[in-house]
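Engineer: Need the 3D shape of this:
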Amino acid sequence: MISDIGWNSSGSIFAVGYSEPEHEGACSHKSFISIWNLFKKGLQNASSQIIEINGCVSCLKFHPVRSSILACGSFSGGIYLYNIEK
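Structural biologist: Numbering: from 1, shown residues only. Okay, the predicted model is just below:
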């Protein structure tokens with residue numbers, strides 16, 4: 001299930017976070033974030049990058065100025081920072 005969507009400051013990339021719909025106690029699921037680059041050639045219903053995390057994604061947000069920096073929070077309490085530049 002989609003738990004959050006965020007756009008970067010340039011408007012060319014968005015990230016989609018996923019989570020399980022129900023939790024009983026602490027979250028021990030594996031989850032992921034899909035990164036989509038709208039200007040990448042050959043974008044045919046496939047994300048350009050997938051990031052696996054421990055715990056379901058509760059929120060995500062791109063840095064307001066550095067458009068390749070993505071922060072993510074998980075239901076298990078983890079905070080993750082990624083530089084998605086490639």
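Engineer: Residue 77: neighbouring residues, count only.
Structural biologist: 10 (other Cβ atoms under 10 Å). Heads up, the C-betas are built off the backbone N, CA and C, glycines and all.
Engineer: Can you read off the backbone torsions of it?
Structural biologist: phi 100, psi 0 (degrees, to the nearest 10).
Engineer: For the nearest residue to it once chain neighbours are set aside, list the residues it contacts.
Structural biologist: What sits nearest to residue 77 in space, not counting adjacent residues and going by Cβ to Cβ, 6 or more residues apart in numbering, is residue 55, at 7.5 Å. Neighbouring residues of residue 55 by Cβ atoms under 8 Å, 6 or more residues apart in numbering: 27, 28, 29, 31, 74, 75, 76, 77, 78.
Engineer: The chain: strands as residue ranges?
Structural biologist: With DSSP state E, the ranges of strands along the chain come out as 2-7, 13-18, 30-37, 49-54, 57-62, 69-74, 79-83.
Engineer: What's the separation between the residue most central in space within the chain and residue 24?
Structural biologist: Centroid-nearest residue in the chain, with Cα atoms, centre = their mean: residue 33, separated by 3.4 Å. Computed as Cβ to Cβ, to the nearest Å, the residue 33 to residue 24 distance reads 23 Å.
Engineer: try residue 68
Structural biologist: From residue 68 to residue 24 the distance is 36 Å (Cβ to Cβ).
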